[in-house]
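Provided below are the primary sequence and the corresponding predicted coordinates.
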Amino acid sequence: MSGGGGGGGGSPNNTEWRFNQTLRNVQGMLKGRSFPGKVLLTRRSEPLSPPDYSPRFENDHDEYEHNEGSHEGEGQSPGNSTDNASVKKSNLPSTSSPNSLPDAQGLVSGARATDSARIAKFTKELSRPAVILDKLRELSWSGVPPYMRPNIWRLLLGCAPPNKDRREGVLTRKRLEYVECVSQYYDIPDSERSDEEINMLRQIAVDCPRTVPDVTFFQNPQIQKSLERILYTWAIRHPASGYVQGINDLVTPFLVVFLSEHLEGNMDTWSMDNLSPQDISNIEADCYWCLSKFLDGMQDHYTFAQPGIQRLVFRLKELVRRIDEPVSKHIEEQGLEFLQFAFRWFNCLLIREIPFHLVTRLWDTYLAEGDYLPDFLVYISASFLLTWSDKLQKLEFQEMVMFLQHLPTRTWAHHELEMVLSRAYMWHTMFKSSPSHLAS
């Protein structure tokens, strides 16, 4: 993926401060619950001095949740600071005493109280003559207000330049270039295509109606035609991988976000008839360029045999073994291979595993992670799997296969997704800088 991001690194003090702040928030959210897995949490005895920037997790767990019925129906969540960002010192309470841990209700109340403050921070960053991308990533990790998402995603992915004066000109040029690519590669008769290109176009045409089948809007013929143009043009211009099933899913968050600039209300009420041909062309172009930038850092996920994904599956297996040995041992004893369920998770980046109205919120974090995303995906997937730690240990092979293929996430709201991200961030911090925090 293009651009830097904030998954790892940082000084020891910064890392320890973020870990303790994350732990405080997660413990507050988990009062009355247990962690999945056998995790031993410890703290250093020496006092901590907050660094000169905000930790990733601020008290904003359910921010923007009131916007769920508008635009894409998105929500907001816990934050995450990029390691090299520099902002004002945090005023968060100390984590030195267990009695200082807030309860879950307090976190939710605090989140709503800071909603306008966080929007003001986004507005301030976007109003600069040149956006500071590190600060924008820091804010975006915790979720982006839906109406700001199109502009912020273009900036995070490098499809729009940080310099405000150049932005409109660059977007216009890129959109014209996309139109030329469609004319050159897509709007031609089959007689001018190779057999391989004809077969690829046919496969894309078959897959488009299967994309997010439980969301009615994606069954619109115009949407499917746009999806087909984007995918085929991308595949022709990226011959190392070409089209691979699963990439069709990766276009959908971009489509929804850029459509929201032109269509109001809930996605269920959207009509393509309200868009001009120029609007549709611009939306497709933005989706194409964002998809290209997004996949730049994970090309080997979609080349022959998809070695990048196989590598992530192996790392997930090892991580689960270290975090939750009983689950790992049970999965192994039942003869279930991680590749049988986790391959789809990494191939489609969990889009098929959670309700679609949560996907763009998840992708706020993806884009904020930048080049560190493939590494962080392993932790997100481990956190996702171990949500059902106790349940999995009671299932035999066939039951486990069916359970993992049809996970009970249909009723999930923002809180459940935030829990997954919180655990993922905590474990990532512990393993990257403090491996002694984990004991099986």
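Alright, I've got the coordinates.

in the helix or strand containing Asp165, what counts as buried?
Assigned by DSSP states H and E, Asp165 belongs to helix 164-181. Judged by neighbour count (16 or more other C-beta atoms under 10 Å), helix 164-181 contains these buried residues: Arg167, Leu171, Lys174, Arg175, Tyr178, Val179, Cys181. Using the backbone N, CA and C atoms, a C-beta is placed for each residue, glycine as well.

okay but the fourth one is in contact with Ile280, surely?
Pointing back at Arg175 there. No - contact criterion C-beta atoms under 8 Å: Arg175 and Ile280 do not qualify, at 11.3 Å.

pLDDT on whichever helix or strand Val251 is part of, on average?
Assigned by DSSP H and E, Val251 belongs to helix 247-259. The pLDDT scores in helix 247-259 average 97.

give me the distance from that helix to the chain's centre.
12 Å (C-alpha atoms, centre = their mean, to the nearest Å).

so what touches the next helix or strand after that helix?
Moving toward the C-terminus from helix 247-259, the next helix or strand (DSSP H and E) is helix 277-296. Helix 277-296 is contacted by residues 1-3, 150, 153-154, 157-159, 171, 174-175, 177-179, 181-182, 222, 226, 229-230, 233-234, 237-238, 247, 250-251, 254-255, 258-259, 261-262, 272, 275, 301-302, 367 when judged by C-beta atoms under 8 Å, 6 or more residues apart in numbering.

redo that, cut-off 6 Å
1-2, 157-159, 174-175, 178, 226, 230, 234, 251, 254-255, 258-259, 262 (C-beta atoms under 6 Å, 6 or more residues apart in numbering).

return a ChimeraX selection command for the buried portion of the residues you listed.
Buried subset of these, written as a ChimeraX selection, criterion 16+ other C-beta under 10 Å:
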select :1,2,157,158,159,174,175,178,226,230,234,251,254,255,258,259,262
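
beyond the helix holding Asp165, next helix or strand please.
Assigned by DSSP H and E, the successor of helix 164-181 is helix 195-207.

following that following helix, which helix or strand shows up next?
Going down the chain from helix 195-207, the next helix or strand is helix 221-237, by DSSP H and E.

against which helices or strands is that next one packed?
helix 195-207, helix 247-259, helix 277-296 (3 or more C-beta pairs under 6 Å, 6 or more residues apart in numbering; DSSP states H and E).

change it to 8 Å
helix 164-181, helix 195-207, helix 247-259, helix 277-296 (3 or more C-beta pairs under 8 Å, 6 or more residues apart in numbering; DSSP states H and E).

so can I have CSV of the ones you listed showing distance to Thr411?
Formatted as CSV, the helices and strands packed on helix 221-237 follow (distance: least, C-beta to C-beta, whole Å):
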stretch, distance to Thr411
helix 164-181, 39
helix 195-207, 28
helix 247-259, 21
helix 277-296, 29
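
for Phe346, find the nearest of those helices.
helix 247-259 (11.5 Å; C-beta to C-beta).

centre-most residue in this protein?
Nearest to the mean C-alpha position of the chain, by C-alpha atoms, centre = their mean, lies Trp363 at 2.8 Å.

test my guess that it contacts Thr252.
No - in this structure Trp363 lies outside contact range of Thr252 using C-beta under 8 Å: 9.9 Å.

Phe258 versus Asn163, what's the distance?
21 Å (C-beta to C-beta, to the nearest Å).

do Ile204 as well
Per C-beta to C-beta, Ile204 is found 20 Å from Phe258.

determine how far stretch 265-274 lies from the middle of the whole chain.
The answer for stretch 265-274 is 24 Å, by C-alpha atoms, centre = their mean.
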